[in-house]
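K.L.:
Show me how the following folds:
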Amino acid sequence: MKHIVSSLLLTVLFCLSLPSVYCAERAIPAGKLGETVVLGREISLNTAAHTLSKQYTGNVLNCSSCHLKNGTDLKNLTYVGVAAAYPAFSSRENAVVTLADRIAFCFMRSMNGLQPPPDSTLVTAIAAYITWLSEGTAIKMNPVEPNGPNAMRRLNVNPNTVDLVNGKKVYDAQCASCHAEDGQGVKTIQFPDASPGGCPPLWGANSYNKGAGMYKLQTAASFIKSSMPYAAANLSEKDAIDVAAYVNSKDRPDFDLKKHLLKSAPHAKVAD
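P.N.:
Numbering: from 1, shown residues only. Coordinates of the predicted model:
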């Protein structure tokens, strides 16, 4: 009975932050597994500050800074269904990677931090949360790229047509009110999904490094097109591409693989 009550309580807590479809169809597992799912959700939402993850981060971003609504937003970079695609081939690493590998890579690149051990409680908890959100999705390992069945739609991008002047104009009009004119974010503005970091910095020392997926023009433009401005995405494809190029033209940390690997456990799958 104790486990049943605990499971019901955890389900109620999740229902406060997830779309109704997840509350209706998913129950938190009982016992230690359910506790681990909850822990993964907390880490994903509060990555930069959580006691288990902050030692591996090098900026102020959280997983939820890019995986909106803590990975439940089906429009873009969702966690839903992702676990069913792994193990998957990654062209960047030229290797078959696991979900744990991919989580560790994000700490090194998007978080500009250190590679956490793939078998750590930290990585296991995030993987458990993603797997919980993927329950019921048919397993289909991806032989082409490490993307799940609900991967965001990619724009066709021609770098030769980028207009940085227009990108700045769009940024000032549509983005600066939340991310600030200097790109350093506005901490007093909270995302509707309660991301504790407010609107995250888009460039500079506290943003993603040049090894991150978001540093790729196509990825950033596709993300902006489908999700920005937040909760009211209305940019044209050209404006999304131009503002992505403008954001990525700004200074940010370089990516030096050796500086992001744990000396005690180098990861052979990671590419520079």
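K.L.:
shaky segments in the stretch 51-200 of the chain?
P.N.:
188-197 (pLDDT under 70).
K.L.:
redo that, cut-off 80
P.N.:
Scanning the stretch 51-200 of the chain with the threshold set as pLDDT under 80 gives 187-198.
K.L.:
That one: helices as residue ranges?
P.N.:
Ranges of helices in the stretch 51-200 of the chain, per DSSP state H, counting those that start in this stretch, are 63-66, 99-109, 121-134, 164-170, 176-179.
K.L.:
can you give me the end-to-end distance of stretch 129-144?
P.N.:
End-to-end distance for stretch 129-144, by CA to CA, to the nearest Å: 24 Å.
K.L.:
heads up, I number from 625, so please use that
P.N.:
Got it, the first residue is 625 from now on, which makes the last one we talked about stretch 753-768.
K.L.:
Show me which positions of that stretch end up buried.
P.N.:
753-758, 761, 766 (16 or more other CB atoms under 10 Å). For glycine as for every other residue, the C-beta is placed from the backbone atoms N, C-alpha and C.
K.L.:
before we move on, the earlier item: which of the helices of the stretch 675-824 of the chain sits closest to Ser850?
P.N.:
With CB to CB, the closest approach to Ser850 among the helices of the stretch 675-824 of the chain belongs to helix 687-690: 12.1 Å.
K.L.:
Show me what the closest one is packed up against.
P.N.:
Contact analysis of helix 687-690 by 3 or more CB pairs under 8 Å, 6 or more residues apart in numbering; DSSP states H and E lists helix 655-669 as its packing neighbours.
K.L.:
Show me what the helix it packs on is packed against.
P.N.:
Right, helix 655-669 is packed against helix 626-639, helix 687-690, helix 745-758 by 3+ CB pairs under 8 Å, 6+ apart.
K.L.:
got a list of what Thr702 touches?
P.N.:
691, 695-696, 757, 772, 774 (CB atoms under 8 Å, 6 or more residues apart in numbering).
K.L.:
Mind telling me the two of those farthest from one another?
P.N.:
Farthest-apart pair in those is Thr696 and Gly772; separation 13.1 Å (CB to CB).
K.L.:
And for Ser801, the neighbour number?
P.N.:
For Ser801, the count of nearby residues is 13 (other CB atoms under 10 Å).
K.L.:
ok, now how distant is it from Met776?
P.N.:
Distance, Ser801 to Met776, using CB to CB, to the nearest Å: 24 Å.
K.L.:
before we move on, what about Val794?
P.N.:
Separation of Val794 from Met776 (CB to CB) stands at 20 Å.
K.L.:
who has more neighbours, those two?
P.N.:
Applying other CB under 10 Å to Val794 and Met776 shows that Val794 carries more neighbours, namely 24 against 18.
K.L.:
I figured Ser666 hits His674, correct?
P.N.:
Careful, residue 666 is Glu; it's not Ser. Yes - using CB atoms under 8 Å, Glu666 is in contact with His674, at 6.4 Å.
K.L.:
For burial, what's the neighbour tally of Val662?
P.N.:
For Val662, using other CB under 10 Å, the count is 18.
K.L.:
Correct me if wrong: it contacts Pro653.
P.N.:
No - in this structure, Val662 is not within contact of Pro653 by CB under 8 Å, at 10.0 Å.
K.L.:
quick one on the thing from earlier: which residues are in contact with each of Thr696 and Gly772?
P.N.:
Both Thr696 and Gly772 are in contact with 702-704, where contact means CB under 8 Å, 6+ apart.
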